Each structure stands twice: as C-alpha cells, then as structure tokens.
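**Student:** give me coordinates for this.
(chains A, B and C)
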Amino acid sequence: MSGDQPHNDSQIKVDFRANDSHKHKDKHKDKEHRHKEHKKDKEKDREKPKHSNSEHKDSIEKKHKEREKERHKDGSLERLKDGSSEKHKIASLERNKDSSLEKHKNKHKEKDKEKRKEEKIKSSSGDVKVKKEKENGFSSPPRIKDEPNDDSLYTPPKENSKPLKRFRDEDSCDQKPKKIKTEDNKKTKKRKQENEEDIKPKKSKSKSKQNAQADTKKKIKKEEEQKWKWWEEERYADGIKWKFLEHKGPIFAPPYESLPDKVKFYYDGKATKLSPKAEEVATFFAKMLDHEYTTKEIFRKNFFKDWKKEMTSEEKAMITNLSKCDFNEMSQYFKEQSEARKQMTKEEKQKIKVENEKLLQEYGFCVMDNHKERIANFRIEPPGLFRGRGNHPKMGRLKRRIRPEDIIINCSKDSKVPSPPPGHKWKEIRHDNKVTWLVSWTENIQGSIKYIMLNPSSRIKGEKDWQKYETARRLKKSVDKIRNNYREDWKSKEMKVRQRAVALYFIDKLALRAGNEKEEGETADTVGCCSLRVEHIKLHPEMDSQEYVVEFDFLGKDSIRYYNKVPVEKRVFKNLQLFMENKQPDDDLFDRLNTGILNKHLQDLMEGLTAKVFRTYNASITLQQQLKELTNGDDNIAAKILSYNRANRAVAILCNHQRAPPKTFEKSMITLQTKIDAKKDQLADARRDLKSAKADAKVRRDEKSKRMVESKKKAVQRVEEQLMKLEVQATDREENKQIALGTSKLNYLDPRISVAWCKKFGIPVEKIYNKTQREKFAWAIDMADEDYEF
DNA sequence: AGTGCCACTTAGTAGCATATTG
DNA sequence: CAATATGCTACTAAGTGGCACT
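**Tutor:** Numbering: from 1, shown residues only, chains lettered A, B, ... in the order given. Next up is the predicted model:
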C-alpha cells in the first residue's frame, strides 16, 4: 500500500533541517529578548539561498562548499545542517544567561509522592479484586519444572499455520483490556499447564526449595542452548506481566574513596583539605573541568549551591566564590588515573573483565516465569552532577547517592527476595506483577522515578515491541479514513476540532511528536506538536515559487532543533492564520488542544491509536517504500546495503534524528579520500599493465603472455571493485554525517521489513543488525519471510 | 477537563572495546 | 606493536500516555 502515504515524497524532499540547537532562554526572563533573537536567526536563514537554509547562526562559509558537494549526491536526502560545534557555542552563549527559578517543590513533591504511593498500594490491591477475580493474583507458581517441551505444547495444528499473526491481530487491541479475553483455547492453557506441571513434581514444595533451584538452573541451561521463542506462546491477558520473578537486586555505586593527600584543592591560592563529603562533590566538578558545562553560569550556580550543602560550616565560611576554587590538581589526578587504566597490562585488564563478567552473571539476570532473562541496567546510577540537555535550568545540581534505603524491590512473593547490603534495609519490598520493573527509586533532581527493567531481548519488552508494530499496521488499514476525517475537520465550525485536525495533520505528515505540556522552569524549553507556540512557525503565502509554506523552527526532544519549510494545503494555511490571530509569540498555537484531547479523539478513530503511532507507522511505511524504490537487485551487496542505509536515512530525516558529527569526521573523510585517490592511481596502473600485456600478447602470441593478460584483467577488476567499495563507503559516511540511524532502526522500523528485505536480496542479516540488535529482534528474524509486508 | 503520578519508550552520547592501519 | 579509526554498549535524560482523582 504505497499509496497510503501521499506525503512521503514531499516529506523527504522538502525537509531541510538544521540542528544547531540554539536554545531558548528561560521563559520568564526576557521573553521579548528571546523572541527577537529567535527571529534574527530565522531572518538570517531566510537570507540564504534556498539550499543553505539548513545553515544557521554563525554558520560558516567554508563548510558551505562541502555541503554543496554533498548535496548533489542524492537530491532526495537533504543534508542536515553541519556544525554542531556551532551548536555548542551558541548553546553555551545562550545558556549562560542563567536564571534558575529553583522551586522548592522538590521536597514537598517527594513527601507527597510517598504518601500517595502508600495509599495507592493499598487501594490497588483492592482494586484488582474488584476488576476481576484474577487467577491467583500475584502468587506465582512455585518454581518451575523443566521447560515443557515445545512441540508438545504448542498451538494446536489448526491455527498452527499462522499462529502468530492470528492471535496477535486480535490481541493487539487488548491493551485496552479487551476484557478477559475468553481465555480461549489451548494456548492459554499452555501457560497454566506449564505452571501446574511445575508444581506437581515438587511434592512438598517447601522442602524442595533446593531441588527447585537445581531445576531452575538446569532448565535455564537448556534454554540457553535452544533459545526460547516466546513469540510462539500465548501472552498474558489483562495487565499481568509475569507470575514469577526473582532477582538479586541492584549493584550500588562503589563508595567514595578519598583522594590521596598529595592531591590538593586550592581556594584562593591556598591549599586546603576538604572534608570527605565536600571533597567527593568537588571531584564531580573536577572530572568535568574540561567540559563546556562547567563554564555555564547556571551549571556553576547550581553546582555551587548544592556543593555548599555538603560542606562543613568552616568550609562554608571559607569557600564563598566558585571562581576562586582551583580544581586543577584534582582534575589532573583523574586524568592520570584514567591514563594508568589504559596502560594496564593485558592480564590486569583481563582480570577486570572476568570480574565484571562475574557480576554480570550474578546480577545481570533474573528469572521471570521460568526463563532466565537479561536485565538492562542492574547498576544504580552513581552520584554526580546532573547534566541536562539543552538549556536545562537544573544542570549542575548534585545527583545524590542512592542507598538501599531508597530502593523499592519488586519480585514475586514466593521468590527469594534479594538481600540488602549488610547493615542496610530496603525501603520497601513489593510484589506487583502488573508492572515490569524489578527495582525502583526516586531521583532527586526532578523527583521522578527510575527503574531497573529487562533487556530489550526479553520476552516482556519484545512482546510490547511487536505489539507496537502491529498497532502501526492496523493504522495502515485505517489511515485513509483518518486522513479524510481530519481533512473534513479542517472545515469544522468548532475551533477545537479544527485545531485538533491541523495538529493531527502535522503529526501525520511531519512525524512530529505529540507534545505534552511540561512544567515551566523545571526542564529545558522544548515543544512537540500540541505545545507549539506561535513563535515556532512562520507563514509564507508564497516562498520559493511554492504556495502556502509553513516554516517550522523549534527545539524538540533533547533540545534538538527542528527546522523545516513545508508547503501545506491551503485550508491548513488559512487555519493557521486563524489560530495565530491576536496572539503573542509565546502563546500556544493550539490553545484549545492538548495531547489528552488529541489522543482521546484518536482512540475513538481506532482502538489503541495515539499520536506516537503515526511516527511508527510513517517511519515503517517509508522504509518499506524506500527500500522498494532504491534497491536494485543487480547491485552487489555493498551497493544494496548503501540502498538500505539510504532508506534508513530517509526515515531518520523524517523523524529528525540527529547526531553531532563525529569529532574526527573531517579527518577521517580526508583519509578516506586519500585512499580513494591511491586506489584510482592503482587502477590506472593496473589498466596500463593490462594494456601492455595485451600488446605484448599480440606480438608474442604464446600461452604465457595470454595468461598474463588474463591475470591482469582480473587484477583490474579487483581494483575496480575495491575502488567501488571505497566510494560507496565515502558516500554513505558523508550522507550520514549528522544523521543518526540508530534510533529509528531500534525504535521505529518494523524489523520484519528489514528481515524480509535481507531474505529477498540474499543479504545476511548480520550486515544490517549487529549482535545486540539481532537479539532484540530475534522474534522478527525468526518469523518474517521474504514477502512480509508491513 | 485538568492534574499529578507512574510506567514505560525513545533519545543522544561518552567512553570503552575492537578492528584497522602505519 | 602502537596509534588511530570505528563500532558498540552502557548510561541516563527526556519524552509519551494511562489512570486515578477531583
């Protein structure tokens, strides 16, 4: 259904993006000012010729030429702006304006949260019962027997042909509790069976703990050999995420080790020994000394404030000015340390590696429902200075050390609860099988909750991922209807409906994020679709010989700049004019709309539909289309992979996934170019050799010289091929300079599309997915055949 | 409808590990 | 074999969206 996506072409071609994150300043302060600067930026942009509108700010002429060059290589993939180095400069300039409206909310917040949490726990357990007599609730079956033999359990033959699809399709909607899906058939039984089977052999389960453990181990071993195919099993209904969960808890950050006495800290030129606490925080700063962060006003201010809290009263009295602090010796010391680490002998390195491996084996896995699963992040985040992205009002604040007393453990009742480090207690032990996390704690900067969860290769993540793509595929079926629907709504007499329709159009056409509201002053000022402000778009009734052009310029997630000029339909344009009437630059563009309203509407259009599904859908469908368009079956593998990367790149551009160009980019391009030149010379030589060999053969007419010709021919071919490969590599790299492919590959592209493509063109999957990716997408690799269609 | 909390996905990057090169 | 380039992983910030509550 390539017809599905009428916008796609234009999306790709029209997107001129830039990434210099010129940051917004704090909202309350000098809004006017901010706006003006903003404007200036844009004006600058507009002055430039069309192609360079991806350039921004003090962007640099010298790079311009380069970019021109790049551009013709592939007209459809417009280059992102270069110069994230500028990005930093600018960012720092603007960030320095500081203004931390520290609100003291945090403390209150935290208390509040805690209370609520407690209440919640109580009520939710009640809740559960009301909703449904859940099968034995949380208590999981005692540990489990040998893995039931797959074949025997599996889906009965009748549905066997397409087992996966089948229940997927029905089920994918069950996030909205499709209500107790008629626990249909055998499949569901399967899980139960598994569980029951486990119980049986145990006889007196209390006694057989050890047996059980042994069993578990055995089973797990076995499993590792024959990779568990969770995707061939039935899923849990109704919000239950697991029945059995056992793990070892988190690994804590190593305790602070004081600096050797010889390493001094100087205040106002005077050597001073800091108290351990103050010293620790000082080292955090010292370690970042080379980083641009430490030059930023907000960062310094926040840091200094939090640092003082850790000082003794004498220290507090003495140290009153951060600028008089000299951390250089400390910084030097850490550099030496890391240098020393690099210089370690192989044996020492090996030893560390082994040690790490041991920790991984012990803490890196859990047992969830009979299966040993990898944990994603089993280490607690160490203390340090908060590094927000973009112009974050809280950058530089102290991220405090997390202790066992902060930790909530989640596991099943009948599991062996992890023990806290000696002399400590957990904050709480919970047995909530409606959530997927194993460990959580509350972080002190934003007061948000952090979790330890499973690896993407785990069943629990994989199922969800799969489901996500199934939802996107359902959207594919109704997208035409939905598009017609919102086009109708552009004419609505209700303002809210019009705004909703226009916003949805942007989300669909431009793959914008939903744009939830955020607390002002708590985070960097970034927006998504629903939170766009008047100042973020400009309307051009005519521009570059196109009509009704909307110019977007705003900072999105992670303060990545979104810059784009898009021709839109007349009605959209008129609506935007209407929405902007009588508004200030910092007023909301869609003042009658928020993500809640939008998503509720989407929900009515299709079950399970939310704004983010459009991103997934458009990303995947674009990949599929582009692959179809770009792949040439006659190409060699390298060229095909280039095509794949280009298709991938089209998606990354659509989704505005950017990266800072690698620091060594320029240099490595040059070396590559030298190589190419060398190869060209070599080719010329080879050709010359061939020629003379031919001439020689003509004269001599003997076998030997004929053979000579043949071998020279081959040599030429070989060199040609090598040259080709290098050139392809250069193109690919150049085009990729500031585009990050990883994010879309990992989160937006239905892996089955890629797998199918690989199979169709005889490309080994390894060329597309590395090991980790293959683990994450094991389900797709296993199930997609070459004619899979998204 | 608005709010706050919570759970979970999506995001870019620092820095280590490994491959490649001189 | 050291130096350098490149690839990958771990890390953690910053989004989205559901739900309960008012």
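**Student:** neighbours of residue A:256, just the number please.
**Tutor:** Close neighbours of residue A:256, defined as other CB atoms under 10 Å, add up to 15. To be clear about C-beta, it is placed using only N, CA and C from the backbone, and glycine gets the same treatment.
**Student:** repeat for residue A:758
**Tutor:** Counted with other CB under 10 Å, the neighbours of residue A:758 add up to 22.
**Student:** that one and DNA strand B: what is the separation?
**Tutor:** Note on residue A:758: its distance to DNA strand B, by CB to the nearest atom of the strand, to the nearest Å, is 21 Å.
**Student:** residue contacts, that residue?
**Tutor:** Residues near residue A:758 by CB atoms under 8 Å, 6 or more residues apart in numbering: A:764-765, A:767-768.
**Student:** pLDDT below threshold where in chain A?
**Tutor:** Applying pLDDT under 70 to chain A picks out residues A:1-225.
**Student:** domain-wise, how is it divided?
**Tutor:** Following the TED database, chain A resolves into domains at A:245-252+A:348-455, A:265-343, A:461-612, A:622-783.
**Student:** just put these in CSV and tack on distance to DNA strand C.
**Tutor:** Conversion of these to CSV gives the following (distance: least, CB to the nearest atom of the strand, whole Å):
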stretch, distance to DNA strand C
domain A:245-252+A:348-455, 3
domain A:265-343, 9
domain A:461-612, 3
domain A:622-783, 3
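**Student:** residue A:789: which of these is closest?
**Tutor:** Proximity to residue A:789 (CB to CB) singles out domain A:622-783 among the domains of chain A, at 7.4 Å.
**Student:** can you give me the strands in the stretch 551-700 of chain A?
**Tutor:** A:561-567 (DSSP state E, counting those that start in this stretch).
**Student:** which residue ranges of it form helices?
**Tutor:** Along the stretch 551-700 of chain A, counting by DSSP state H, counting those that start in this stretch, helices occupy A:570-580, A:595-605, A:611-630, A:637-654, A:665-700.
**Student:** for the fourth one, C-alpha coordinates in CSV please.
**Tutor:** As requested, C-alpha coordinates have been extracted for helix A:637-654 and formatted as CSV (Å, rounded to 0.1, in the frame of the first residue of the first chain):
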residue,chain,number,x,y,z
ILE,A,637,26.0,-6.5,-1.6
ALA,A,638,27.8,-3.3,-0.7
ALA,A,639,25.6,-1.3,-3.0
LYS,A,640,22.5,-2.9,-1.7
ILE,A,641,23.5,-2.0,1.8
LEU,A,642,24.1,1.5,0.7
SER,A,643,20.5,1.5,-0.6
TYR,A,644,19.3,0.1,2.7
ASN,A,645,21.2,2.8,4.6
ARG,A,646,19.7,5.4,2.4
ALA,A,647,16.2,4.1,3.0
ASN,A,648,17.0,4.1,6.7
ARG,A,649,18.3,7.6,6.4
ALA,A,650,15.1,8.8,4.8
VAL,A,651,13.4,7.7,7.9
ALA,A,652,15.9,9.3,10.2
ILE,A,653,15.4,12.5,8.4
LEU,A,654,11.7,12.3,8.6
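**Student:** okay, the angle between it and helix A:611-630?
**Tutor:** Orientation note: helix A:637-654 sits at an angle of 150 degrees relative to helix A:611-630 (axes from the mean of the first three to the mean of the last three CA atoms, to 10 degrees).
**Student:** which secondary structure elements does helix A:637-654 sit against?
**Tutor:** Applying 3 or more CB pairs under 8 Å, 6 or more residues apart in numbering; DSSP states H and E, one finds that helix A:637-654 contacts helix A:8-14, helix A:611-630, helix A:703-735, helix A:742-747, helix A:751-761.
**Student:** please see if that helix touches DNA strand B.
**Tutor:** No - using CB under 7 Å from any atom of the strand, no contact is recorded between helix A:637-654 and DNA strand B, whose separation bottoms out at 8.0 Å.
**Student:** quick one: buried residues of that helix?
**Tutor:** A:638, A:640-654 (16 or more other CB atoms under 10 Å).
**Student:** run the chain-centre distance for it.
**Tutor:** In this view, helix A:637-654 has its centroid 19 Å away from the chain centroid, taken as CA atoms, centre = their mean, to the nearest Å.
**Student:** next: the last one.
**Tutor:** Per CA atoms, centre = their mean, the displacement of helix A:665-700 from the mean C-alpha position of its chain is 43 Å.
**Student:** what comes up buried for it?
**Tutor:** Going by neighbour count (16+ other CB under 10 Å), the buried part of helix A:665-700 is A:665, A:669, A:672, A:676, A:679, A:682-683, A:686, A:689-690, A:693-694, A:696-697.
**Student:** including distance to residue A:392, could the helices and strands packed on helix A:637-654 go into a markdown table?
**Tutor:** Below are these laid out as a markdown table (distance: least, CB to CB, whole Å):
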| stretch | distance to residue A:392 |
| --- | --- |
| helix A:8-14 | 30 |
| helix A:611-630 | 23 |
| helix A:703-735 | 31 |
| helix A:742-747 | 21 |
| helix A:751-761 | 33 |
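**Student:** so which of the helices of the stretch 551-700 of chain A comes closest to residue A:772?
**Tutor:** helix A:637-654 (16.8 Å).
**Student:** could you check the angle strand A:561-567 makes with that closest one?
**Tutor:** Going by the same axes, to 10 degrees, helix A:637-654 makes 90 degrees with strand A:561-567.
**Student:** that older thread, a markdown table for the buried residues of helix A:665-700, including distance to residue A:501?
**Tutor:** Below are these laid out as a markdown table (distance: CB to CB, whole Å):
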| residue | distance to residue A:501 |
| --- | --- |
| A:665 | 42 |
| A:669 | 45 |
| A:672 | 48 |
| A:676 | 51 |
| A:679 | 55 |
| A:682 | 60 |
| A:683 | 58 |
| A:686 | 63 |
| A:689 | 68 |
| A:690 | 66 |
| A:693 | 71 |
| A:694 | 70 |
| A:696 | 76 |
| A:697 | 75 |
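**Student:** tell me which of those is nearest to residue A:465?
**Tutor:** residue A:665 (32.0 Å).
**Student:** check contacts around that closest one.
**Tutor:** Neighbouring residues of residue A:665 by CB under 8 Å, 6+ apart: residue A:737.
**Student:** excluding sequence neighbours, find me the nearest residue to residue A:253.
**Tutor:** In space, and not counting its chain neighbours, residue A:253 is closest to residue A:382: 3.5 Å by CB to CB, 6 or more residues apart in numbering.
**Student:** need the three-state assignment for the one you found.
**Tutor:** Following DSSP: H, G, I helix; E, B strand; the rest coil, residue A:382 is assigned to coil.
**Student:** thanks a lot, see you next time.
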